[in-house]
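J.: dropping a prediction and its sequence here:
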Amino acid sequence: MTVPYPDRLYYVDPYLARFEARVVERLTWEGRPAVVLDRTAFYPTSGGQPADRGTLSDVPVVDVVVREEDGAILHLLAAENVPDRVIGEIDWDRRFDHMQQHTGQHLLSAACERLLNAETVSFHLGAEVSTIDLNRSRISLEAMEGVEDLVNRVIWEDRPVTSRFVRPDEVADLPLRRPPQVEGPIRLVEVADFDLNPCGGTHVARTGEIGLLKVLRLDYRGAETRVEFVCGGRALRDYRRKNRTVHRLSAALTVGQDELTEAVARLQESLKATRRQLRAAREQLLEVLAERLLRSAPPGPPRVVRAVLEGYEPAELRALAQRMIAAADTVVLLAGVTDRTHLCVARSEGMEEVDAAALLRSACDLLGGKGGGRPHFAQGSAPTTDLARVEGALKQAAAACGASNPATME
């Protein structure tokens, strides 16, 4: 069967990167000038494959889409000034990259079906990586490595990749990997003795042009597994980037590349031990600080502790306050200043006449912050880091407790 769409030159020759055409319609589409040509080599967004880029008589083509009502291919332009007859030039590097990724996807999907009995339910050709979603959950990395080996063996055998159109009544007896999703003439893409599949995308002429397929990661999504992969030039760039990272890490840790895993494991253990020691030291510091603040506070009642502490986070303020309110008749107003101010107000049990949440609100109102809590314990924050302003807000809130000279640490 001959090509039913002779005006779509990418079906006739996906390697065609330059062509001549005539403008048959001018319009505005999604706010951009656009044209329809009497023939085009620009592939439109379709079937998981992004559209080509390039120029029409030096005017950049920013997108290519199919108009649903009549199937016309619209070329969205960066400017309106294209002549009636144009020279079209395809961004070949982008086109060939898409050909590598898309043909690689056919091989990957076919291999998954052969070895794992897993069918591809969706495909996305991204700008950096591509993905297929398989209708099987929790596929192991070891199983996927076997798929990867099979795909690359077919690539290195440099098998021919061909395409042809057939009538709908001809597909029933063909060993298609999946049924066609379109009406009318059906385009089939075949990898010799390996895969036959309906597809309208652009593909390489021989599998060897894919170069290499590498699975990067598996993402488990309920009943499906998403496979992230790269082919050809993308695989080379991915390997180069990771190789540089390995070299930098090896040099930084002064170990051989094969020793990196063990070196990182030792660092992790050392970091865990350091964090434990730091937590213990921090706990001791909080104990000492709590005792110091309590000792310096007037006896009251109530005993009011007010402190502005630089570098203290909300969890530390909470732990410090809990230590101090274990003493009877104590009200604590704390502020920790980092990239903003964190506030903590608390009082001992049995002091129903003191409302920690109300004291917090009064401080937040003065500082332009927000917070909340319960009568015995409340926390909040404010965007300011002005220490004098924060101290003034705490001082005013402390005055509501009836203490004229509370203990402070500024």
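T.: Noted; the coordinates are in hand. Residues are numbered from 1 along each chain as shown.
J.: for the stretch 151-300 of the chain, give me the ranges with low pLDDT.
T.: Nowhere does the stretch 151-300 of the chain drop to pLDDT under 70.
J.: from the contact counts, what lies against whichever helix in the chain runs longest?
T.: Longest helix of the chain, by residue count under DSSP state H: helix 260-296. Judged by 3 or more CB pairs under 8 Å, 6 or more residues apart in numbering; DSSP states H and E, helix 260-296 is in contact with helix 232-253, strand 303-310, helix 314-324, strand 407-409. The way it works is simple: take the backbone N, C-alpha and C, and place the C-beta from them, glycine included.
J.: and those, which is most packed in?
T.: Per-residue neighbour counts averaged over each of these give the maximum for strand 303-310, namely a mean of 22 (mean count of other CB atoms under 10 Å).
J.: quick check: angle from that one to helix 260-296?
T.: Angle, strand 303-310 to helix 260-296, by axes from the mean of the first three to the mean of the last three CA atoms, to 10 degrees: 140 degrees.
J.: distance of the nearest residue to Gly311 once chain neighbours are set aside relative to Gly392?
T.: Closest residue to Gly311 apart from its sequence neighbours, by CB to CB, 6 or more residues apart in numbering: Thr338 at 6.2 Å. Distance of Thr338 to Gly392, given as CB to CB, to the nearest Å: 19 Å.
J.: follow-up on the earlier one: list the buried residues for the longest helix of the chain?
T.: Ala263, Leu286, Leu289, Ala290, Leu293, Leu294 (16 or more other CB atoms under 10 Å).
J.: ok, now stretch 137-149?
T.: For stretch 137-149, the buried set under the neighbour-count rule, 16+ other CB under 10 Å, comprises Ile139, Ala143, Met144, Val147, Glu148.
J.: partner strands of the longest strand seen in the chain, parallel or antiparallel?
T.: Among the segments of the chain that qualify as a strand by DSSP state E, the longest is strand 18-29. Strand pairing for strand 18-29, using DSSP bridges, gives strand 32-37 (antiparallel), strand 85-90 (antiparallel).
J.: how big is the angle separating the helix or strand just after the last one from strand 18-29?
T.: So the one you mean is strand 85-90. Once the chain leaves strand 85-90, the next helix or strand it forms, by DSSP states H and E, is helix 92-116. If you take the same axes, to 10 degrees, helix 92-116 sits at 90 degrees to strand 18-29.
J.: same for helix 92-116, what does it pack against?
T.: Using 3+ CB pairs under 8 Å, 6+ apart: helix 92-116 touches strand 120-125, strand 130-134, helix 141-156, strand 186-191, strand 195-198, strand 213-221, strand 224-231, helix 232-253.
J.: strands paired with the fourth one, and their directions?
T.: Neighbouring strands of strand 186-191 in its sheet, by DSSP bridges, are strand 161-166 (antiparallel), strand 195-198 (antiparallel).
J.: other residues contacting that strand?
T.: Outside strand 186-191, the residues that touch it by CB atoms under 8 Å, 6 or more residues apart in numbering are 11, 103, 106-107, 110, 154, 159-168, 171, 174, 176, 180, 195-201, 203, 207.
J.: beta partners for Val332?
T.: Beta-bridge partners recorded for Val332 (DSSP bridges): Val305, Ala346.
J.: okay, now it: neighbour count?
T.: Val332 has 32 neighbours, counted by other CB atoms under 10 Å.
J.: quick check, pLDDT for it.
T.: Looking at Val332, its pLDDT reads 95.
J.: that one and Arg389, how far apart?
T.: 20 Å.
J.: ditto for Thr261
T.: For Thr261, the distance to Arg389 - CB to CB - is 51 Å.
J.: likewise Asp7?
T.: Distance of Asp7 to Arg389, given as CB to CB: 71 Å.
J.: do the same with Val82
T.: Distance of Val82 to Arg389, given as CB to CB: 62 Å.
J.: work out the gap between stretch 284-304 and the centre of the chain.
T.: Relative to its parent chain, stretch 284-304 has a centroid offset of 48 Å by CA atoms, centre = their mean, to the nearest Å.
J.: all numbers from here: first residue = 894
T.: All set: I'll call the first residue 894, so the last point we hit is now stretch 1177-1197.
J.: returning to that earlier point: Arg1216: which of the strands paired with strand 911-922 is closest?
T.: Nearest to Arg1216, of all the strands paired with strand 911-922, is strand 925-930, at 64.6 Å by CB to CB.
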